[in-house]
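A.B. asks: fold the following.
(one chain, ligands or ions: 3)
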Amino acid sequence: MPGNRARILVLHPVLDVLDYRVPHGMQVEPGSIVVVPIGPRQFVGVVWEEERLPGEFVGDNRLRNILAVADAPPIPASVRRLVEWTANYYLAPHSAVLHMALRSTAALEGAPTVVEYRATGTVPDRITPQRAQALERIGERQGLVRELATIAEVSEGVIRGLVKVGAIEAVTVSTDTPYPLPDPLFAPPELSQQQADVASILRQAVGARAFQPFLLDGVTGSGKTEVYFEAIAAALAEGRQTLVLLPEIALTEPFLTRFTARFGCEPVAWHSDLRQSQRRRAWRAIASGEALVTVGARSALFLPYPNLGLIVVDEAHETSFKQEEGVHYHARDVAVMRGKFAQCPVVLASATPAIETRHQVELGRYEELKLPGRYGAAELPAIEAIDLLAEPPERGRWLSPRLVKAVEETLGKGEQSLLFLNRRGYAPLTLCRHCGHRFQCPNCTAWMVEHRLIARLSCHHCGHTIPAPEMCPECKSEDTLVACGPGVERIADEVSALFPEARTAIVTSDTLWSPARAAEFVQRMEHGAIDIVIGTQLITKGYHFPNLTLVGVVDADLGLDGGDLRAAERTFQQIMQVAGRAGRGEKPGKVYIQTHAPGAAVMQALVSGDSEAFYAAETEARRYADAPPFGRYAAIIVSSEDRVAAEEVARMIGRSAPQLDEMHVFGPAPAPLAMLRGRHRFRLLVHARRAFDVQDVIREWLGGLSWGPKVRVSVDIDPYSFL
Ligand code: ADP
Ligand code: ZN
Ligand code: ZN
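C.D. replies: Residues are numbered from 1 along each chain as shown. Ligands and ions are numbered 1, 2, ... in the order given. As a prediction, this is how the structure comes out:
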């Protein structure tokens, strides 16, 4: 650090790189977390290596003082390198990436306790509907007044009123209670020979303390989790930290249970559902190195682990690892870079690895470890296609006779069935039979989806919701509105009509919106309290229900339309995953996929089980089209509430596109979702060769242009959504 000045990366959206004076007696080093002034306000920042973060030089006489150093360990160099890499690769502001590492500002303040609130069980004398709602929704939960108000959907005043009358009480929570240490020897399993071989390679890699990416490619139920647990045991034995990334927080709960069975206590969980005090406690334990195993959603990737010995990305093919808001990063790719900077192995576990990942194996960059068979006696289920044209469901129904019969037989045997349809709600479209009016979201280019259980129509893009209409707003007729197409609720109705005795459960993000609800569902499944599950993709991964023997895919074609370059691959992965829920115990499983296109390559691959042929053909098609992983895309999305302004800026960007042989620019054109949350959207698609530094070109291209405050331009490198 030259003299007594320091370059700081500040958590400020615009003024992110600034120099400050280090006052006499203050000690800082690169990584130190500090508080600095900007104008009259104070911001958190991190001391950075000056040469790595270009900024405007400010004379010594104009420097302001750093105000304070936070009582927290410095951000490690490996995380600083990760922040730089991510910002560069995804064309994001450094401060936006750093923000993900400093996700608990409370953790930077000293206070070791917070005051939280919880219900006492006393029912107040005066109970208003609001108070009743608050007490019901809060249940056993505990949190800040603000957090409880959010959970209960009431004002903070209502919560405070309940405190006054003694229905809610204050509790002091220590936020620095240490976490229990997982015990690597608590309950190690007896591994099969195949599992033991793979586990020993992973243990060695952990011991080597060097960067090494692995693809752990094992069919569903082969014991991938058990095997990477052995790698975690090795890291624990060395006192090093492990990060396990899961694609959704709904999977955290079953993971915690399994982890506890193996290691004797829960790991540290990191996800968006944490209370502020939990977040603070987790962040401090992670940053101090005390938290040895962290499991979390993608945001856990940027936390400042000082002593990382292993990264696991479970269900690594999942597209939910791609962040679609703020910094558009792909957690799978960033995880590999994280391992590189931290010098530790990275395990990508999947039964259906992404083509991008397989390609890295082919290039020799990732080492592939295979578990080709299910553990123990379990066999992979047989998959059969049902041609919906040849064997159509009855009128107004969605399940074909063969699938209905299979459900009936499964019920008869006392086993469980799963019907998969990746669509929430009752029906994706409501229209008027009389005048043809369709209910569309006023903010988005999307239909309003009927949710009959709560009697509402709602937009799945922006959340706009209206009460279920009683008449057509256009022609004012009554009884002319019809629901078109099925969602899971409609399938559940059909199931109830067919099997009135059967106990059913709908599993979607509407019904399993919290880890507690997910845990409750798992319990009911395990205790045989459910016969038929009707679910969306939420149910396709992670779960292990030995008595579930039948899977029916209601509409296998659903993911195929939309023109997405990964549509076939995604359909294959999704159906393989949901099929993987069947027959995981001793009883064999059976899978039916309903389709209008039984001849399509992806359906044939699913039925024949020849995934290699499918992957080979898909990969060839990508190579031919210069699509990822052979070529590269970047999307530039221009949006504004003012349609004309958005279109003008998009055109201007298009006109100034650099003319290069290695790169083509398509558009601008209205994005397929031409309106989203009230903003009109235009898209330019950049297509380039893999080796070409498209980021640099885009940075320079857009850097030379300007547009008004009404227009937002965002760049998505390696986009997954083509909407
Ligand atoms: P995957 O992650 O590949 O889908 P899992 O790790 O979930 O597979 O294993 C499937 C089931 O088999 C789980 O119930 C798991 O506990 C069990 N299992 C796998 N390997 C072993 C083993 N070596 N000993 C005992 N049970 C095992
Ligand atoms: Zn009408
Ligand atoms: Zn909408």
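
A.B. asks: so which bits of the stretch 351-500 of the chain are right by ligand 1?
C.D. replies: Counting by C-beta under 6 Å from any ligand atom, the stretch 351-500 of the chain comes close to ligand 1 at Tyr375. Yep, even glycine has a C-beta here, placed from its N, CA and C like the rest.

A.B. asks: my bad, the stretch 201-350 of the chain
C.D. replies: Counting by C-beta under 6 Å from any ligand atom, the residues of the stretch 201-350 of the chain close to ligand 1 are 218, 220-226.

A.B. asks: show me which pair in those residues is furthest apart.
C.D. replies: Farthest-apart pair in those is Thr220 and Glu226; separation 13.3 Å (C-beta to C-beta).

A.B. asks: quick check: buried residues in the lengthiest strand in the chain?
C.D. replies: Across the chain, the longest stretch assigned as strand under DSSP state E is strand 663-676. Buried residues in strand 663-676, defined by neighbour count with 16 or more other C-beta atoms under 10 Å: 663, 665, 667-668, 670-671, 673-676.

A.B. asks: do that strand and ligand 3 meet?
C.D. replies: No: using C-beta under 5 Å from the ion, strand 663-676 stays clear of ligand 3, coming no nearer than 7.2 Å.

A.B. asks: just checking, what packs against that strand?
C.D. replies: strand 631-640, helix 643-655, strand 679-689 (3 or more C-beta pairs under 8 Å, 6 or more residues apart in numbering; DSSP states H and E).

A.B. asks: so which of those is the most packed in?
C.D. replies: Compared across those, strand 631-640 shows the largest average neighbour count, a mean of 23 (mean count of other C-beta atoms under 10 Å).

A.B. asks: mind listing the strands it pairs with, and their directions?
C.D. replies: Partners of strand 631-640 in the sheet, by DSSP bridges, are strand 679-689 (antiparallel), strand 711-717 (antiparallel).

A.B. asks: closest to Phe302 out of those strands?
C.D. replies: Comparing these by C-beta to C-beta, strand 711-717 comes nearest, at 17.2 Å.

A.B. asks: name the residues that touch the closest one?
C.D. replies: The contact list for strand 711-717, computed with C-beta atoms under 8 Å, 6 or more residues apart in numbering, reads 89-91, 324, 328, 632, 634-640, 642, 645-646, 649, 653, 679, 694-695, 698, 702, 707.

A.B. asks: show me which positions of that strand end up buried.
C.D. replies: For strand 711-717, the neighbour count (16+ other C-beta under 10 Å) marks 711, 713, 715-717 as buried.

A.B. asks: pLDDT and distance to Gly31 added to those residues, as JSON lines?
C.D. replies: Formatted as JSON lines, the buried residues of strand 711-717 follow (pLDDT from 0 to 100; distance: C-beta to C-beta, whole Å):
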{"residue": "Val711", "pLDDT": "95", "distance to Gly31": "37"}
{"residue": "Val713", "pLDDT": "94", "distance to Gly31": "32"}
{"residue": "Val715", "pLDDT": "93", "distance to Gly31": "28"}
{"residue": "Asp716", "pLDDT": "92", "distance to Gly31": "30"}
{"residue": "Ile717", "pLDDT": "92", "distance to Gly31": "27"}
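
A.B. asks: restrict the residues of the stretch 201-350 of the chain next to ligand 1 to those near ligand 2?
C.D. replies: Taking C-beta under 5 Å from the ion as the test, ligand 2 is in contact with none of these.

A.B. asks: can you select the buried ones among those residues for me in ChimeraX?
C.D. replies: Buried residues among those (16+ other C-beta under 10 Å), as a ChimeraX selection:
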select :218,220,221,222,223,224,225,226
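
A.B. asks: and the residues of the stretch 201-350 of the chain next to ligand 1, which of them are in helices?
C.D. replies: 224-226 (DSSP state H).

A.B. asks: quick one: contacts for Pro392?
C.D. replies: Ser400.

A.B. asks: what about it, which SS state?
C.D. replies: Under DSSP: H, G, I helix; E, B strand; the rest coil, Pro392 falls in the coil class.

A.B. asks: can you pick out the most distant pair from the buried residues of strand 663-676?
C.D. replies: Met663 and Met675 (28.7 Å).

A.B. asks: which stretches in the stretch 451-600 of the chain count as strands?
C.D. replies: Assigned by DSSP state E, counting those that start in this stretch, the stretch 451-600 of the chain shows strands spanning 456-458, 465-467, 481-484, 504-507, 532-535, 548-553, 590-595.

A.B. asks: out of these, which comes closest to Pro40?
C.D. replies: Of all the strands of the stretch 451-600 of the chain, strand 465-467 sits nearest to Pro40, with 40.4 Å by C-beta to C-beta.

A.B. asks: sketch out the low-pLDDT regions of the protein for me.
C.D. replies: Low-confidence segments of the chain (pLDDT under 70): 1-3, 104-107, 109-111, 562-563, 723.

A.B. asks: need the residue closest to the centroid of it.
C.D. replies: Centroid check for the chain by C-alpha atoms, centre = their mean gives Ser320 as the closest residue, at 4.0 Å.

A.B. asks: tell me the contacts of Gln537?
C.D. replies: Gln537 makes contacts with 422, 574, 578, as judged by C-beta under 8 Å, 6+ apart.

A.B. asks: who's the nearest residue to Ala579 once chain neighbours are set aside bridged to?
C.D. replies: Using C-beta to C-beta, 6 or more residues apart in numbering and skipping the chain neighbours, the partner closest in space to Ala579 is Val591 (4.4 Å). Note on Val591: beta-bridge partners Ile383, Val551, judged by DSSP bridges.

A.B. asks: count of neighbours near Val591?
C.D. replies: Residues near Val591, counting by other C-beta atoms under 10 Å, number 28.

A.B. asks: ligand 3 contacts on this protein?
C.D. replies: Listed as neighbours of ligand 3 in the chain under the rule C-beta under 5 Å from the ion: 441, 443-444, 459, 461-462, 464.

A.B. asks: most neighbours, which of those?
C.D. replies: When these are compared by neighbour count (other C-beta under 10 Å), Cys441 ends up highest, at 24 neighbours.

A.B. asks: what distance do you get for the nearest residue to that one once chain neighbours are set aside to ligand 2?
C.D. replies: Excluding its sequence neighbours, the residue lying closest to Cys441 (C-beta to C-beta, 6+ apart) is Cys459, at 3.7 Å. Using C-beta to the ion, to the nearest Å, one obtains 20 Å as the distance from Cys459 to ligand 2.

A.B. asks: let me see the contact set for Cys459.
C.D. replies: By C-beta under 8 Å, 6+ apart, the contact set of Cys459 is 441, 443-444, 446, 448-449, 465.

A.B. asks: my guess is Phe211 contacts Met337, does it?
C.D. replies: No: judged on C-beta atoms under 8 Å, Phe211 makes no contact with Met337 at a distance of 9.6 Å.
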